[in-house]
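A.B. asks: give me a model of this one.
(one chain, ligands or ions: 1)
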Amino acid sequence: MGVFLALAVAIGLHIVLRAWRSTWSQLRRPPGPRGLPIVGNFFDIPSERHWEGYHELANKYGDIVYLESFGQSIMVLSTVQRTKELLEKRARIYSDKPRSPMAFDLMNYGDFMGLMPYGTLWKRHRRAFTKHFAPADLSRYHPTTTKNVRKYLKNVANDPSKWMGHTKHLFSAIILEITYGVETTSLQDPLIRDMTEVIEGFSIGCLPGRWMVDTLPFLKYVPDWLPGAGFKKLAAYYRAVEERARNRPFDHVMKAVLDGTAPHSVSSSLIADFPDPGHPARTEEELIARNIAAVTHLAGADTTVGSALAFFVLIALHPEVQRKAQLELDEVVGFGRLPTYEDRASLVYINAILKESLRYHQVTPLALPHSTISDNVYEGYFIPKGTIVMGNAWHILHDPDIFKDPMAFRPERYIKDGKIDESVLDWSAAAFGFGRRICPGRHMAVETLYVVFASTLALFDIVAPKDENGGPSIKYGIADGGIVHPEPFEVILVPRSKDALGVLDI
Ligand code: HEM
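C.D. replies: Numbers count the residues shown, from 1 in each chain. Coordinates of the predicted model:
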């Protein structure tokens with residue numbers, strides 16, 4: 001009884017204090033829906049298909065929308081001008097990350113760079129990551145990617161009905177080989193299974209507003225046996241999976257480095273740079289290295305899979321786009337070899353497809369939330385410290401004032417006079433996040449997607465199954481989730497000709 005009373009008093013005090021804090025400043029807040037007493041805009045925050053809800057809020061209130069839920073302020077920026085002015089030009093204030101008690105304290109996901117507080121430790125992670133994935137150095141990974149893409153094409157050719165499983169495996173296979181030097185053969189590999197669960201935990205644990213403990217942080221101290229404390233059990237489960245996913249492959253490489261049997265990889269090269277055991281910096285360097293390797297797999301596999309799946313369904317639904325792409329491939333690459341990284345500059349239409357796919361389907365439609373490190377005033381609006389700030393990527397890349405008929409899949413919008421029209425807004429404006437926290441793996445992601453799209457189209461027709469009227473029996477839809485994939489669909493991969501598959505030596 002005493003526990004419940006203490007809990008009720010603590011909840012009451014917490015709500016009153018937050019509400020008081022949020023009203024102390026009389027400066028106006030940006031526009032947004034009027035809130036209710038105490039709960040504020042709790043019921044206005046989209047809890048499902050959040051990109052649709054924030055798109056509607058932007059249409060109704062404009063390109064800067066402000067909400068407050070139990071005293072937690074949230075701001076949504078829906079034009080490039082706003083994201084540039086705040087997330088880029090005021091990056092010193094707008095590059096922190098929300099401290100979600102669920103994700104940080106209970107699940108231990110705070111060691112993943114994308115959720116890490118802005119500061120010295122994050123900067124050291126970012127520097128270490130960039131050393132391995134800077135655009136100028138990516139060619140060192142081309143042989144690994146090319147080898148895995150060839151294997152993938154062979155697998156699809158031998159067993160086209162499993163094309164989706166092969167596609168999902170491909171991106172993890174590339175990342176795991178680059179990061180740990182480990183070769184995998186299927187989605188059932190324990191390293192992939194662990195990371196799939198970590199990603200599932202990410203979707204469950206890291207969505208702003210989903211958990212009461214994020215609004216009332218003291219709830220993290222409630223005893224596990226208390227009714228309603230199931231979130232603690234859930235968090236403990238994902239904490240254990242996260243630790244395994246981070247340490248198991250890295251420990252394997254550490255051992256192989258000591259044995260002298262480790263193939264070259266990002267991890268082996270991070271380990272080679274470690275100070276000697278006993279050095280005061282050793283523990284931290286090791287933590288950074290483990291985190292860098294794990295975040296590469298966490299952030300790099302499922303995101304690219306989502307983008308690739310969107311490409312398959314969109315291409316199947318647009319055979320005229322597919323025909324044009326294949327004509328270009330036949331003309332530029334010819335027959336008897338696969339498209340290479342070097343061909344990319346000449347494959348204008350393929351590049352336009354890549355841009356249009358990344359515009360059309362957002363795997364992170366609101367990027368990842370940032371947070372303000374201090375109070376600040378913008379155009380007369382007061383933005384409190386700790387405000388969660390989201391760039392509305394889906395809205396920006398579907399703005400009809402910028403993209404005529406935004407729901408049409410039309411790669412031609414990116415082409416002028418036979419060349420890519422660099423003046424048209426593309427993925428770089430929003431699809432990979434913003435400012436100092438922008439995705440540092442984006443160049444790697446885009447060039448990997450290029451090589452997969454070009455190689456698949458060179459060898460296969462991607463065909464939509466037909467309904468009874470002869471039209472496609474599938475449609476493009478967006479499934480709900482943290483990392484957003486298209487809704488389930490099926491396509492048929494048909495080899496363009498027996499000769500075309502000759503390049504795979506099968
Ligand atoms: C289509 C593929 C991808 C998409 C759409 C994507 C999107 C994003 C987004 C939206 C963020 C958060 C940015 C922000 O906070 O403003 C992010 C962060 C990050 N991404 Fe990606 N990403 C992709 C692929 C990759 C790949 C392949 C890697 C690794 C090679 C990677 C590594 C990272 C890392 C390390 C961060 C954390 C950055 C930080 O907080 O400083 N991502 N990504």
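A.B. asks: which residues of the protein lie near the ligand?
C.D. replies: Contact residues, the chain versus the ligand (C-beta under 6 Å from any ligand atom): 113-114, 126, 129, 133, 295-296, 299-300, 303-304, 307, 363-364, 367-368, 370, 431-434, 437-441, 444-445. For every residue, glycine as well, the C-beta is placed using N, CA and C.
A.B. asks: of those residues, which belong to helices?
C.D. replies: Within the residues of the chain next to the ligand, residues falling in helices by DSSP state H are R126, F129, F133, V295, T296, A299, G300, T303, T304, S307, M444, A445.
A.B. asks: ok, now which ones touch the third one?
C.D. replies: So the one you mean is F133. When contacts are counted by C-beta atoms under 8 Å, 6 or more residues apart in numbering, F133 touches T296, P440, G441, H443, M444.
A.B. asks: again, only using 10 Å
C.D. replies: Each residue near F133 by C-beta atoms under 10 Å, 6 or more residues apart in numbering is listed here: 141, 178, 266, 292, 296, 300, 439-445.
A.B. asks: ok, back up a step: dump the ones in helices among the residues of the chain next to the ligand to a markdown table, plus pLDDT.
C.D. replies: Formatted as a markdown table, those follow (pLDDT from 0 to 100):
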| residue | pLDDT |
| --- | --- |
| R126 | 98 |
| F129 | 97 |
| F133 | 96 |
| V295 | 96 |
| T296 | 96 |
| A299 | 94 |
| G300 | 93 |
| T303 | 96 |
| T304 | 97 |
| S307 | 98 |
| M444 | 97 |
| A445 | 98 |
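A.B. asks: quick check: of those, which has the highest neighbour count?
C.D. replies: Neighbour count (other C-beta atoms under 10 Å) singles out S307 as the most crowded of these, with 27 neighbours.
A.B. asks: just confirm that residue contacts L354, I think it does.
C.D. replies: Yes - at 9.2 Å, S307 and L354 qualify as touching, with contact defined as C-beta atoms under 10 Å.
A.B. asks: need the overlap of contacts for these two.
C.D. replies: Both S307 and L354 are contacted by W427, V446, L449, F453, under the criterion C-beta under 10 Å, 6+ apart.
A.B. asks: of those residues, which is the nearest to N148?
C.D. replies: Set against N148, the nearest of the shared contacts of S307 and L354 by C-beta to C-beta is L449 (13.5 Å).
A.B. asks: three-state assignment of the closest one?
C.D. replies: helix (DSSP: H, G, I helix; E, B strand; the rest coil).
A.B. asks: neighbours around the residue of the stretch 51-200 of the chain found nearest the ligand, how many?
C.D. replies: Going by C-beta to the nearest ligand atom, the ligand is nearest to G114 of the stretch 51-200 of the chain, at 3.6 Å. Other residues within reach of G114, judged by other C-beta under 10 Å, total 20.
A.B. asks: after the helix or strand of the chain with the lowest mean pLDDT, which helix or strand is next?
C.D. replies: Ranked by mean pLDDT, DSSP states H and E, the weakest helix or strand in the chain is helix 2-23, scoring a mean of 57. The element immediately downstream of helix 2-23 (helix or strand, assigned by DSSP states H and E) is helix 50-61.
A.B. asks: how about low-confidence regions in the stretch 51-200 of the chain?
C.D. replies: For the stretch 51-200 of the chain, applying pLDDT under 70 flags no range at all.
A.B. asks: that one: strands as residue ranges?
C.D. replies: Taking DSSP state E, counting those that start in this stretch, the strands of the stretch 51-200 of the chain run over residues 64-69, 72-77.
A.B. asks: does anything pack onto the first one? Which helices or strands?
C.D. replies: Other elements packing on strand 64-69 under the criterion 3 or more C-beta pairs under 10 Å, 6 or more residues apart in numbering; DSSP states H and E are helix 2-23, helix 50-61, strand 72-77, strand 381-383, strand 388-391.
A.B. asks: one more time with 7 Å
C.D. replies: strand 72-77 (3 or more C-beta pairs under 7 Å, 6 or more residues apart in numbering; DSSP states H and E).
A.B. asks: export the strand it packs on as CSV, just CAs?
C.D. replies: What follows is strand 72-77, C-alpha atoms only, in CSV (Å, rounded to 0.1, in the frame of the first residue of the first chain):
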residue,chain,number,x,y,z
GLN,A,72,8.0,17.3,-22.7
SER,A,73,8.3,19.7,-25.6
ILE,A,74,8.5,18.4,-29.2
MET,A,75,9.2,20.4,-32.3
VAL,A,76,8.8,19.2,-35.9
LEU,A,77,10.6,20.9,-38.8
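A.B. asks: who touches that strand?
C.D. replies: For strand 72-77, contacts defined as C-beta atoms under 7 Å, 6 or more residues apart in numbering pick out 22, 30, 54, 57-58, 63-67, 83, 86, 215, 383-384, 387-392.
A.B. asks: neighbouring strands - and their directions - for that strand?
C.D. replies: Here strand 72-77 is paired, per DSSP bridges, with strand 64-69 (antiparallel), strand 388-391 (parallel).
A.B. asks: quick one: mean pLDDT over the last one.
C.D. replies: Which is strand 388-391. Taken as a whole, strand 388-391 carries a mean pLDDT of 97.
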